[in-house]
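>>> Quick one: sequence and predicted model below, then my questions.
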Amino acid sequence: MFKRILVPVDGSKGAEAALDMALQLQSATGGKAELLILTVFRHHGQLEASFSMVRASEPNNIDDALRDHAKEIAESGKAHAKKSGAKKVRAFVKNGPPARSIVAFAREHEVDLIVLGSRGLGSIEGYLLGSVSHKVTGLAECPVLVV
């Protein structure tokens, strides 16, 4: 069946539902499939920072703050998985465009299945350019389950 299942998480309800589905699939493999939890954050440049309602005390550390937040989300997903009985689970954080980063990660780690939520915490860009889940289904080389 599946050896590696990738679950991109962003802290949304959709990502939580995807994680729960991935846990069910892992259980169906007798716990043999490895669960890879991935959180992707985007670079926050100075132009975006100038439009932000939140002002960082150190503007040069905006990416560090985003990375730390992404780590919290990934580790929270991992903790949820372990609490639900998952034994083979790892959490990762990557920086970049979400859909392309998810697909590249899946390729690098030879993932057999990507399970992701249909709606995450995307911005207005998602409505204009297409959702992350839609892009992943079009770019991925492995099966994608959208929950």
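Structure received. Numbering: from 1, shown residues only.
>>> any idea which helix is longest in the protein?
Ranked by residue count and defined by DSSP state H, the top helix of the chain is helix 62-83.
>>> number of nearby residues for Ile73?
Around Ile73 there are 22 other residues, counting by other C-beta atoms under 10 Å. Every residue, glycine included, has its C-beta placed from N, CA and C.
>>> May I ask you to confirm that it is in contact with Leu38?
No - between Ile73 and Leu38 there is no contact under C-beta atoms under 8 Å: 10.0 Å.
>>> Quick check: which ranges of this structure have low pLDDT?
44-60, 119-130 (pLDDT under 70).
>>> which residues in it form helices?
13-28, 46-51, 62-83, 98-108, 124-129, 132-139.
>>> intersection of neighbour lists for Ile73 and Leu38?
Val9 (C-beta atoms under 8 Å, 6 or more residues apart in numbering).
>>> What's opposite Arg4 in the beta bridge?
Glu34 (DSSP bridges).
>>> Could you tell me which residues make contact with it?
Counting by C-beta under 8 Å, 6+ apart, Arg4 touches 33-34, 36, 109-113.
>>> Neighbour-wise, give me the winner out of these.
Val111 (26 neighbours).
>>> so how many other residues sit close to the closest residue in space to that one that isn't next to it in sequence?
Computed as C-beta to C-beta, 6 or more residues apart in numbering, the closest residue to Val111 that is not its neighbour in sequence is Leu6, at 4.4 Å. For Leu6, the count of nearby residues is 26 (other C-beta under 10 Å).
>>> one step back: which stretch among the helices of the chain approaches Gly117 most closely?
The minimum distance between Gly117 and the helices of the chain falls on helix 13-28, with 2.5 Å, by C-beta to C-beta.
>>> So which elements touch that closest one?
Packing partners of helix 13-28 (3 or more C-beta pairs under 8 Å, 6 or more residues apart in numbering; DSSP states H and E): strand 4-8, strand 34-41, helix 62-83, strand 113-116.
>>> Return the alpha-carbon coordinates of it using CSV.
Extracted in CSV, the C-alpha atoms of helix 13-28 (Å, rounded to 0.1, in the frame of the first residue of the first chain):
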residue,chain,number,x,y,z
LYS,A,13,-9.5,23.1,10.1
GLY,A,14,-9.0,21.7,6.6
ALA,A,15,-5.4,20.7,7.5
GLU,A,16,-6.6,19.1,10.7
ALA,A,17,-9.2,17.0,8.8
ALA,A,18,-6.5,16.0,6.3
LEU,A,19,-4.2,14.9,9.1
ASP,A,20,-7.0,12.8,10.7
MET,A,21,-7.6,11.1,7.3
ALA,A,22,-3.9,10.4,6.9
LEU,A,23,-3.9,8.9,10.4
GLN,A,24,-6.7,6.6,9.3
LEU,A,25,-4.8,5.6,6.2
GLN,A,26,-1.6,5.0,8.2
SER,A,27,-3.6,2.8,10.6
ALA,A,28,-5.0,0.8,7.6
